[in-house]
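Student: sequence-free structure coming up:
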């Protein structure tokens, strides 16, 4: 991992906003919308039913049909950098240091707390820094339940915390504990426990469907045989549904099967392969069930009509094949009852139970990212193109619309500041704050014509890219960030070739030169901004 920042300034234990942004009255605050941000983990563009998938997601589908679907929405290509963009409105090259948020990058909960919002978080933080020293309460949240790191067993999660207290024992003492359900329960309780009319800002960050493939047997059984047709047939069926919905044009093919994926008709260990996707689907459906639980809590509290719910995913589907020799704090050595955990994508071991630790691999990730190429860690469309749903009964016109504007996670904070009539402070903890890179999506809520970003910049892990005026300059480095070999640029016209199938770099060197200059200028701007913090 390479975080290109040039400062080692420590994060504050408490954020202190300037006096001119002090809290407004409860009477004034009551008129502003509640905000619920929901982010899931390592899912593909077309996994949701409302984006063409065969996985059952009725609650998210309902939000989509009664709200908006943004079909040209982008994330970063990995977990923590996407979370930094979401909570700051700033590209991660500037907003992050030592795997945490920089002290001078003001966060959304820091602003909203000072505006009278009750700020709550349930789920995956992944911005705690290298020593797990920074908690959500240090960056504006008043209450927190979840994990500090990026992955964990769903049955016995590492670093499980309530506010600043480690509560791993709660999972160890409850034989029915399951992390997704706990995140949903805590989020609903945070809504139900509100005892004032102040608006609430709730951030729900699910770990589903990030590996490991863990799910209760009764939920997995609901998908028995659901994927027996295999990834080749299911990719074509997804493509047809996406065209019918209007997300893709009728003339668009799907991208070729990834070279690391065997044709389904040649697969010999089909029972294990099917089981991997069955567990993954169960994880997604359990997350969707939790979304329904949160929506119902909002309804019962009388807040749903004036709540802006934004749902998205942190990156595309993850192709990583989990190895037997992989180690990490997130991997328990034994189960809660003392059995040895058997890690690795071993076909002789069916995933799902607590003593397994597997992933769903290249083939199913290729299905998840239909119709796009590549995966998490890359800046090709399969790694960074993600669905986004907006639902707000009191504030969104023309329910069910597909919004085709070009947008990014950096737009979430400006949007929320816009609809809550809030301003980020010019100074934080005595220092100037970093300006945001995003723009508000609120104009799209009103049904107005809106194009979105002319230019988007990407650089992390195995990818770097620039999207500009419908063109996409992108490169990949399978050797990872430690490689000194500079990968060659690829060039695509996304207006004609949204799947990045026809590389035009060789026949259009002037466009490559122009866009690479823009990429270098933007990279330099962000690096300079990082150095000044």
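Tutor: Received it, and whenever you're ready, just let me know what you need. Not measured: the values here are computed from a predicted model. Residues are numbered from 1 along each chain as shown.
Student: so how far is residue 99 from the residue positioned nearest the centre of the chain?
Tutor: Nearest residue to the geometric centre of the chain (CA atoms, centre = their mean): residue 314, 1.7 Å. Separation of residue 314 from residue 99 (CB to CB, to the nearest Å): 15 Å. Backbone N, C-alpha and C define where each C-beta goes, glycine included.
Student: likewise residue 406?
Tutor: In terms of CB to CB, residue 406 sits 29 Å off from residue 99.
Student: doesn't residue 69 fall inside a strand?
Tutor: Yes: with DSSP: H, G, I helix; E, B strand; the rest coil as the criterion, residue 69 is assigned to a strand.
Student: nearest residue to it other than its sequence neighbours?
Tutor: residue 402 (5.2 Å; CB to CB, 6 or more residues apart in numbering).
Student: Over to residue 264?
Tutor: Using CB to CB, 6+ apart, the closest residue to residue 264 is residue 230 (2.9 Å).
Student: got a pLDDT number for the closest residue to residue 163 other than its chain neighbours?
Tutor: Counting by CB to CB, 6+ apart, residue 163 lies nearest to residue 144, which is 5.5 Å off, once chain neighbours are set aside. pLDDT recorded at residue 144 is 98.
Student: my read: residue 144 touches residue 160, true?
Tutor: No: assessed by CB atoms under 8 Å, residue 144 is found out of contact with residue 160, at 11.0 Å.
Student: Can you list the strands that the helix or strand hosting residue 309 pairs with?
Tutor: Assessed by DSSP states H and E, residue 309 sits inside strand 307-313. Here strand 307-313 is paired, per DSSP bridges, with strand 34-40 (parallel), strand 385-391 (antiparallel).
Student: and of those, who's closest to residue 242?
Tutor: In terms of CB to CB, the element of the strands paired with strand 307-313 nearest to residue 242 is strand 385-391, at 10.9 Å.
Student: Could you check how far the closest one is from the centre of its chain?
Tutor: Put simply, strand 385-391 sits 10 Å off its chain's centre (CA atoms, centre = their mean, to the nearest Å).
Student: Can you give me the buried ones in that strand?
Tutor: Neighbour counts using 16 or more other CB atoms under 10 Å place 385-391 of strand 385-391 among the buried residues.
Student: Buried ones in the helix or strand just after it, by neighbour count?
Tutor: Per DSSP H and E, the first helix or strand lying C-terminal to strand 385-391 is strand 401-408. By neighbour count with 16+ other CB under 10 Å, strand 401-408 contains the buried residues 401, 403-408.
Student: gap between the next helix-or-strand element following strand 401-408 and the chain center?
Tutor: Of the helices and strands lying after strand 401-408 in sequence (DSSP H and E), the nearest is helix 412-419. With CA atoms, centre = their mean as the basis, helix 412-419 stands 17 Å off its chain's centre.
Student: List the buried residues in stretch 460-471.
Tutor: Buried positions in stretch 460-471, judged by neighbour count with 16+ other CB under 10 Å: 460-468, 471.
Student: Greatest separation within the residues you listed: which pair is it?
Tutor: The span of these, defined through CB to CB, is set by 461 and 471 at 22.4 Å.
Student: where along the stretch 151-300 of the chain do the helices fall?
Tutor: Taking DSSP state H, counting those that start in this stretch, the helices of the stretch 151-300 of the chain run over residues 168-172, 179-192, 217-221, 230-245, 270-300.
Student: now the ones you listed in CSV, with mean neighbour count, distance to residue 210 and mean pLDDT?
Tutor: Converted to CSV, the helices of the stretch 151-300 of the chain look like this (neighbours: other CB atoms under 10 Å; distance: least, CB to CB, whole Å; pLDDT from 0 to 100):
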stretch, mean neighbour count, distance to residue 210, mean pLDDT
helix 168-172, 15, 17, 97
helix 179-192, 22, 10, 98
helix 217-221, 14, 17, 98
helix 230-245, 18, 20, 98
helix 270-300, 22, 9, 98
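Student: need those helices in JSON lines with distance to residue 48, can you?
Tutor: What follows is the helices of the stretch 151-300 of the chain, written out as JSON lines (distance: least, CB to CB, whole Å):
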{"stretch": "helix 168-172", "distance to residue 48": "28"}
{"stretch": "helix 179-192", "distance to residue 48": "16"}
{"stretch": "helix 217-221", "distance to residue 48": "17"}
{"stretch": "helix 230-245", "distance to residue 48": "11"}
{"stretch": "helix 270-300", "distance to residue 48": "8"}
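Student: which one of those helices lies closest to residue 358?
Tutor: Taking CB to CB, helix 270-300 is the member of these nearest to residue 358, at 6.8 Å.
Student: if I look at the residue lying closest to residue 217 once chain neighbours are set aside, how far off is residue 281?
Tutor: The shortest distance from residue 217 to any non-neighbouring residue, by CB to CB, 6+ apart, is to residue 352 (6.6 Å). Between residue 352 and residue 281 the distance is 11 Å, computed by CB to CB.
Student: quick one: low-confidence parts of this structure?
Tutor: The chain contains residues with pLDDT under 70 at 1-30, 479-486, 531-533.
Student: I figured residue 397 hits residue 443, correct?
Tutor: No: counting by CB under 8 Å, residue 397 sits too far from residue 443 to count as a contact (11.2 Å).
Student: out of the helices of the stretch 151-300 of the chain, which comes closest to residue 206?
Tutor: Evaluated over the helices of the stretch 151-300 of the chain, closeness to residue 206 peaks at helix 270-300, with 5.0 Å, by CB to CB.
Student: thinking residue 283 is in contact with residue 214, fair?
Tutor: Yes: the pair residue 283 and residue 214 qualifies as a contact (CB under 8 Å) at a distance of 7.4 Å.
Student: list the residues that contact both of the two?
Tutor: Common neighbours of residue 283 and residue 214, using CB atoms under 8 Å, 6 or more residues apart in numbering, are residue 154.
Student: Could you tell me which residues make contact with residue 233?
Tutor: Contacts for residue 233 (CB under 8 Å, 6+ apart) come out as residue 264.
Student: same deal with residue 466?
Tutor: Per CB under 8 Å, 6+ apart, neighbours of residue 466: 455-458, 472-474, 515-516, 518-519, 522.
Student: Which ones among those lie within helices?
Tutor: Of the contacts of residue 466, the ones assigned to helices by DSSP state H are 515-516, 518-519, 522.
Student: thinking again about what came up before, give me the more crowded residue out of residue 397 and residue 443.
Tutor: residue 443 (15 against 12; other CB atoms under 10 Å).
Student: would you say that one is within a helix?
Tutor: Yes: counting by three-state DSSP, residue 443 is found in a helix.
Student: Nearest residue to it in space, ignoring adjacent ones along the chain?
Tutor: Spatial nearest neighbour of residue 443, excluding adjacent residues (CB to CB, 6+ apart): residue 450 at 5.0 Å.
Student: So that neighbour sits against residue 406, correct?
Tutor: No: applying CB under 8 Å as the test, residue 450 and residue 406 come out as separate, 9.7 Å apart.
Student: Which of the three states applies to residue 82?
Tutor: Of the three states, residue 82 takes helix under three-state DSSP.
Student: just residue 56 next, same as before
Tutor: Recorded secondary structure, residue 56: coil (three-state DSSP).
Student: can you tell me how far it sits from residue 490?
Tutor: Distance of residue 56 to residue 490, computed by CB to CB: 36 Å.
Student: again with residue 378
Tutor: Distance, residue 378 to residue 490, by CB to CB: 11 Å.
Student: Residue 105 now?
Tutor: Distance, residue 105 to residue 490, using CB to CB: 31 Å.
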